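K.L.:
return atomic coordinates for the entry below.
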Amino acid sequence: MKKIIIALLAVTVFAGSAVAADVIEMKKSVSFKHKAHADAIKDCTKCHTKAEGGKIDGFGKDYAHKTCKGCHSDMKKGPTNCKGCHPK
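P.N.:
Numbers count the residues shown, from 1 in each chain. Predicted structure coming up:
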């Protein structure tokens, strides 16, 4: 019984680490508000290969300018100009 309780506590403690950070600081002074995007989009596969999230294959400048900017344009939400994402 002790082992089960310890295992449940360990799962509870480490479960939070499986969730991505609220804000991710990226290159070129871009602050990406992950939680806000996840709450708004509700479908992780719009950006990630898997529903569980993880690294985005091919992510970089070209991906962000095409995919992120394109989504902002389609949803009519979020910045679509340079200074909107790169304030500095």
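
K.L.:
spell out the secondary structure type for residue 24.
P.N.:
Remark: residue 24 carries the secondary structure label strand [criterion: DSSP: H, G, I helix; E, B strand; the rest coil].

K.L.:
which residues does stretch 28-47 contact?
P.N.:
Judged by CB atoms under 8 Å, 6 or more residues apart in numbering, the contacts made with stretch 28-47 from elsewhere in the structure are 20-26, 50-53, 56, 64, 67, 71, 75, 77, 85-88. In short, each C-beta sits where N, CA and C put it, glycine included.

K.L.:
do the same with stretch 66-74
P.N.:
Contacts of stretch 66-74 with the rest of the structure, by CB under 8 Å, 6+ apart, involve 41, 46-47, 78-80, 85.

K.L.:
for it, the averaged confidence score.
P.N.:
Along stretch 66-74, the predicted confidence averages to a pLDDT of 94.

K.L.:
send the alpha carbons of that stretch over as CSV?
P.N.:
Extracted as CSV, the C-alpha positions of stretch 66-74 are listed here (Å, rounded to 0.1, in the frame of the first residue of the first chain):
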residue,chain,number,x,y,z
LYS,A,66,4.4,31.1,-42.6
THR,A,67,2.4,29.1,-40.0
CYS,A,68,2.1,31.5,-37.1
LYS,A,69,1.6,34.7,-39.1
GLY,A,70,-0.8,32.8,-41.4
CYS,A,71,-2.9,31.6,-38.4
HIS,A,72,-3.0,35.1,-37.0
SER,A,73,-4.2,36.4,-40.4
ASP,A,74,-6.8,33.6,-40.7
